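Engineer: predicted model and sequence follow; I will ask about them next.
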Amino acid sequence: MNYANMIEEKNLKKTFIIATLVSTLIGTFASSHNLYERLREKHQQEKRDEGQNQEIKKLKDEIDQMKKGKKGKDDDSSGSSSEDDRPRRRRSKSRRRSRDNLLEYLDRSPALIRREYDQGYDRWGQRFASGDVVTENQLQAQIISLQQTVIQVLQDALENGRRLRRTDIDRLVQASQSAQHNSVDALRSQYHRYQHSGGGLRLENGGSSSSSQHHRRQRSLPPPKLRQITDTATRGGTVATAVASRALTASHPAASPAAAVHDVSIFCPYSLDLQQQPRKNLNIAFAPGGGSRCPVCEVRIPVDGEEEWTIGKRKRSLVAAGAGADGRGGREGEVVVEHCEFHVTARFVVKCHTESGEYACVLCSENRGVDLLCADPEALVAHVGRKHKIGEYEREIDLEQD
């Protein structure tokens, strides 16, 4: 067994999440199509067997009737029952239309989804294949829907040898149609998001960090709840550190950091309000027990006003003349490493949120001219701790230093 290839394939699947999900989705449609064809072939074979049995029975009956001399009377009686076949034929025709619709969706959906994905990949390349959390969740939902509805119903009918009822077929048609439309819409929406952002959006997976209590100087409010994140490692889990940047081409000239944020802003209006008014306090909804929902977009932000995170950083500086006189510094010109702590406030997290429930780093938007999205507050703080420098912290009012 080639473990190196297995590891490489696993890493590729983690990197190109949307490509993997699209492949799984297409495979799920194909599996559904194959199950339906097997079920249909089985029913057709049963129908052929039943027809042959009826022909044999009919021949036997005719022989018996000829022997009894009652053929003419039986012919009249069989003719009188011909009208009873019409409603059954009409029902069969209506059911056949539903079956054809189901087969059409199962057959055409993979091609439509593949075409939509290829259009995005041709335009944005591997960034589109990596995608974002919004599209990831939407495609996963369609895969689950197909597996729990279409495949489950078809497998049950195939294993138990039962025919699909009209209600079963209608349910399968609706599920297949919904999965097709929603998948295409999800990929199309991601394409438009990339188009508006210059292809630079990438949702980071949420990282985890350990919680700890930190005693700070006394304030009018109770001591805040702190979650510790260091510069070198994050306890309790791995943090994704990929940073996306805007794709700047000749047709998309470079813009200033302010223009990058506000030209097509991904922030909630309330986030922008907090950014533009640095002294504005958080809404009462973010007080303990207040529900923590944005007063504008109503997205729930899982923080409260007393909550903070601590980021540890190492700061290197040269010792100036006379700086070492107190014994704490080194000789003149010597490099001294100091440990600094910055506290990420709840206000910083709130002013980073978007209307879709993700968190866009304002440090990236303001200082680097890029839009980077994180899935949750933990991932946002981890990104700030790993990818930004002390100089940026010192200019940010909602990052407090001890």
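Structural biologist: Nice, I can see it.
Engineer: the strands in the protein, which residues?
Structural biologist: Taking DSSP state E as the test, the strands found in the chain are 203-204, 211-212, 225-230, 307-318, 335-345, 359-360, 373-374, 399-401.
Engineer: between those strands, which gets the lowest average pLDDT?
Structural biologist: Note on the strands of the chain: strand 211-212 shows the lowest mean pLDDT, a mean of 32.
Engineer: re earlier: now mean neighbour count and distance to Leu102 too, for the strands of the chain, in CSV please.
Structural biologist: Backbone N, C-alpha and C define where each C-beta goes, glycine included. Formatted as CSV, those follow (neighbours: other Cβ atoms under 10 Å; distance: least, Cβ to Cβ, whole Å):
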stretch, mean neighbour count, distance to Leu102
strand 203-204, 25, 35
strand 211-212, 12, 51
strand 225-230, 20, 51
strand 307-318, 18, 51
strand 335-345, 16, 52
strand 359-360, 26, 42
strand 373-374, 27, 38
strand 399-401, 16, 56
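Engineer: distance to Gln119 added to those strands, as JSON lines?
Structural biologist: Formatted as JSON lines, the strands of the chain follow (distance: least, Cβ to Cβ, whole Å):
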{"stretch": "strand 203-204", "distance to Gln119": "21"}
{"stretch": "strand 211-212", "distance to Gln119": "44"}
{"stretch": "strand 225-230", "distance to Gln119": "39"}
{"stretch": "strand 307-318", "distance to Gln119": "40"}
{"stretch": "strand 335-345", "distance to Gln119": "39"}
{"stretch": "strand 359-360", "distance to Gln119": "26"}
{"stretch": "strand 373-374", "distance to Gln119": "22"}
{"stretch": "strand 399-401", "distance to Gln119": "41"}
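Engineer: from the contact counts, what lies against the longest helix seen in the chain?
Structural biologist: Longest helix in the chain, counting residues (DSSP state H): helix 17-68. On a contact count with 3 or more Cβ pairs under 8 Å, 6 or more residues apart in numbering; DSSP states H and E, helix 17-68 meets helix 71-80, helix 85-124, helix 126-130, helix 133-145, helix 152-160, helix 166-197.
Engineer: which stretch among the strands of the chain comes nearest Arg99?
Structural biologist: For Arg99, the closest of those is strand 203-204, at 40.2 Å, according to Cβ to Cβ.
Engineer: about what we covered before: how about the strands of the chain, which one is nearest Gln140?
Structural biologist: Closest approach to Gln140 among the strands of the chain is made by strand 203-204 (13.6 Å; Cβ to Cβ).
Engineer: from Asp64, how far off is Phe128?
Structural biologist: 72 Å (Cβ to Cβ, to the nearest Å).
Engineer: and the two? Which one has more around it.
Structural biologist: More crowded of Phe128 and Asp64, by other Cβ atoms under 10 Å: Phe128, with 24 against 12.
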